[in-house]
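The following block contains a protein sequence and its predicted model.
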Amino acid sequence: MWAAVYRGKGKISLEERKMPKLLKPTDAIINVTLTTICSSDIHILKGAVPKAREGVILGHEFVGKVIETGSQVKKFKPGDRVAVNVETFCGECEFCKEGHVNNCTDSEGGWALGCRIDGGQAEFVRIPYADQGLTKIPDTVTDEQALFTGDLLSTGYWAAQLGELKPADTVLVIGAGPAGICTMLAARLYSPYKIIAVDLDEERLELVKEQGLADVTFSARTQELEKKILEETGGYGADVVFEAAGSSDTFRLAYETARPNGIVCIIAMYEEDQVLPLPQMYGKNLIFKTGGVDACCCGEIMKLIEAGKLNAEFMITHRTTLSQIEGAYEIFGKKQDNILKWAIKV
């Protein structure tokens with residue numbers, strides 16, 4: 001089969017690899033039908049993910065069909081269309097039972113696909129703990145509609161829960177890329193008073209305004225940006241701030257524009273350490289929340305997609321095939337041609 005393989009810092013190649021096989025009775029083999037490239041894949045190529053294994057098949061956001069299941073897989077059968085969770089989780093350890101599946105203690109637990117074990121930018125892939133790691137796609141939902149279920153939509157859905165959103169909250173989302181967009185989509189489910197979006201890319205800001213995701217947008221280049229955001233929040237700051245951009249400037253902006261006693265959720269993946277200026281922040285009583293997505297609500301997300309209440313299909317700006325994935329990485333990594341997300345047919 002053909003697969004996109006990580007070959008060390010800055011290197012990806014399309015190679016022929018052996019078909020995956022069932023290794024445990026809880027495994028399933030999936031015929032990938034549609035996959036995509038994630039910003040986390042770019043972090044791997046930059047060498048910013050120490051756990052990433054050289055020679056691994058990339059990809060952790062994809063959909064496909066079940067072709068084979070282990071003897072202990074009970075929820076799925078060959079022929080089922082499925083979305084795959086970004087997280088691998090056993091469902092039995094202490095963290096899994098608490099819903100913190102990103103911290104699953106299994107050797108293949110947490111973010112493993114496309115990082116520590118072979119992922120889904122390939123024709124076929126082995127999925128550990130298939131009963132936990134797969135979600136059935138209803139007949140009325142297309143592959144493109146379901147594509148972001150296991151990662152980006154899970155990230156946004158998890159972020160909204162992390163932020164303890166309440167009706168009439170004022171929400172600030174820093175970063176209008178895919179993660180920020182999905183956070184806005186999920187935040188809308190909570191009936192906020194106002195969503196404010198900040199980004200460097202004017203076209204992305206126009207998109208979130210057109211899609212009804214943000215009520216107010218600001219370019220990150222705006223003079224006195226912090227002051228203008230505070231003015232937009234009655235002088236107090238946002239009740240909840242989601243930092244989805246991942247730079248030192250946006251990290252600082254997040255805590256500067258949060259309301260006293262507010263919540264700051266760090267959902268971006270950083271490539272460098274950040275510093276909290278605790279003496280300057282003393283008395284603001286902020287709650288900081290960080291971590292990797294707990295992708296254990298895919299069933300709920302799929303129901304919302306089916307009901308038309310979560311629709312991220314508009315994020316697909318480019319389409320290609322697996323044979324062209326090396327060029328697709330070049331465009332996505334350099335943010336060329338106004339790329340937002342690829343849909344890569346396998």
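It's in. Everything quoted here is computed from the prediction, not taken from an experiment.

residue ranges for the helices of the stretch 151-300 of the chain, please.
Listed in chain order, the helices of the stretch 151-300 of the chain (DSSP state H, counting those that start in this stretch) span 152-162, 178-188, 202-210, 225-232, 248-256, 278-281, 298-306.

Return the member of these having the minimum mean pLDDT.
Mean pLDDT across these is lowest at helix 278-281; the value there is a mean of 87.

Can you pull out the residues in contact with it?
residue 255 (C-beta atoms under 8 Å, 6 or more residues apart in numbering). Using the backbone N, CA and C atoms, a C-beta is placed for each residue, glycine as well.

Quick check: buried residues in that helix?
By neighbour count on 16 or more other C-beta atoms under 10 Å, the buried set for helix 278-281 is empty.

try stretch 305-319
If you call a residue buried by 16+ other C-beta under 10 Å, then stretch 305-319 has these buried ones: 305-306, 310, 312, 315-316, 318.

And for residue 296, nearest residue in space, chain neighbours not counted?
Leaving aside its chain neighbours, residue 296 sits nearest to residue 101 (4.7 Å; criterion: C-beta to C-beta, 6 or more residues apart in numbering).

Could you pull up the residues touching the one you found?
Shown in contact with residue 101 (C-beta under 8 Å, 6+ apart): 87, 89, 95, 109-110, 132, 294-296.

can you redo the buried residues of stretch 305-319 as JSON lines with distance to residue 226 and secondary structure?
Shown next, in JSON lines, are the buried residues of stretch 305-319 (distance: C-beta to C-beta, whole Å; DSSP: H, G, I helix; E, B strand; the rest coil):
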{"residue": "305", "distance to residue 226": "36", "secondary structure": "helix"}
{"residue": "306", "distance to residue 226": "41", "secondary structure": "helix"}
{"residue": "310", "distance to residue 226": "31", "secondary structure": "coil"}
{"residue": "312", "distance to residue 226": "30", "secondary structure": "coil"}
{"residue": "315", "distance to residue 226": "28", "secondary structure": "helix"}
{"residue": "316", "distance to residue 226": "34", "secondary structure": "strand"}
{"residue": "318", "distance to residue 226": "34", "secondary structure": "strand"}
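
Closest to residue 18 out of those?
Minimum distance to residue 18 across those is 29.8 Å, recorded for residue 318 (C-beta to C-beta).

how much space between that closest one and residue 45?
18 Å (C-beta to C-beta, to the nearest Å).

do the same with residue 260
Applying C-beta to C-beta to residue 260 and residue 45 gives a distance of 40 Å.

Looking at these two, which is more packed in?
Taking neighbours as other C-beta atoms under 10 Å, residue 260 and residue 45 compare with residue 45 leading, 19 against 10.

burial of the closest residue to that one other than its chain neighbours, as a residue count?
Leaving aside its sequence neighbours, residue 45 sits nearest to residue 10 (C-beta to C-beta, 6+ apart; 5.8 Å). Counted with other C-beta under 10 Å, the neighbours of residue 10 add up to 9.

try the one 10 residues further on
The criterion is other C-beta under 10 Å. On that basis, residue 20 has 21 neighbouring residues.

can you check residue 197 too?
A count of nearby residues for residue 197, using other C-beta under 10 Å, gives 27.

give me phi/psi at residue 127?
Main-chain torsions, residue 127, degrees, to the nearest 10: phi -110, psi 110.

re the thing from before, tell me which of the buried residues of stretch 305-319 is nearest to residue 248?
Nearest to residue 248 among the buried residues of stretch 305-319 is residue 315, at 26.2 Å by C-beta to C-beta.

ok, now how distant is the closest one from residue 48?
In this view, residue 315 and residue 48 are 23 Å apart by C-beta to C-beta.
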